[in-house]
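> Structure for this input, please:
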Amino acid sequence: MGKQDNESLTILSSSASIQKSLEAIRNGDAGLNDRRKSILARTPYSNDWAAFEHESITIKDLAYLSAATHHEFALLRGKTKDIVFHGTDRHCKFDEELLTLLKTKKLRLIAHTHPDFDSIKPSADDRDFLKYIEQSKSIIISYITGYTMEFTNNIFDDFTKGSD
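Now for the predicted structure:
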């Protein structure tokens, strides 16, 4: 096996490991690590949000929080802080304070979670929200598979990716 083959196996192994750990947490067979428990303790209910040290929250953290709660989570990031937002089972509906910070570009929507099984599909609301805050792209992470997808505010971008 060449170096590239080993790298592919590592990626596949890591991907399968994330899926298994997310499933164990979703099913109640495992729990969050202490760091993620502390994040959830600061955002225990839907519509709660809290500020954290800049770049201290990962997209993967969101997937684990969602797996534990069966709710969507979002990561917003500014120049000096990260914001974790605890949504509901289907949405992240931000309050006026966060909307203002997003619209004035003091925060960016880095990522949010979805309960997608196979392929990740941004909703029309996801794209419309990016247009509303005048942001061109963001990321969705599935809290079922751990897979991520970058999406844009324009559905037609999905059809032009990879074609030259």
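> low pLDDT regions in this protein?
1-14, 159-164 (pLDDT under 70).
> where does the residue nearest the centre of the chain land in three-state SS?
With distances taken as Cα atoms, centre = their mean, H112 lies nearest the centre of the chain, 3.2 Å away. Three-state call for H112 (DSSP: H, G, I helix; E, B strand; the rest coil): strand.
> can you check A24 too?
helix.
> Report the contact partners of it.
Listed by Cβ atoms under 8 Å, 6 or more residues apart in numbering, the contact set of A24 reads A30. Bear in mind the C-beta positions are built from the backbone N, C-alpha and C, glycine included.
> and it, how far is that from I141?
A24 is 17 Å from I141, where distance means Cβ to Cβ, to the nearest Å.
> How about E134?
Look at E134 and I141: by Cβ to Cβ, they are 23 Å apart.
> can you give me the helices in this protein?
Applying DSSP state H to the chain gives helices spanning 3-26, 34-42, 59-69, 96-103, 124-132, 157-160.
> JSON lines for the ones you listed, including distance to T88?
Output for the helices of the chain, formatted as JSON lines (distance: least, Cβ to Cβ, whole Å):
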{"stretch": "helix 3-26", "distance to T88": "17"}
{"stretch": "helix 34-42", "distance to T88": "15"}
{"stretch": "helix 59-69", "distance to T88": "10"}
{"stretch": "helix 96-103", "distance to T88": "15"}
{"stretch": "helix 124-132", "distance to T88": "13"}
{"stretch": "helix 157-160", "distance to T88": "26"}
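> deepest of those, which one?
Greatest average neighbour count among those goes to helix 59-69 (a mean of 23), per mean count of other Cβ atoms under 10 Å.
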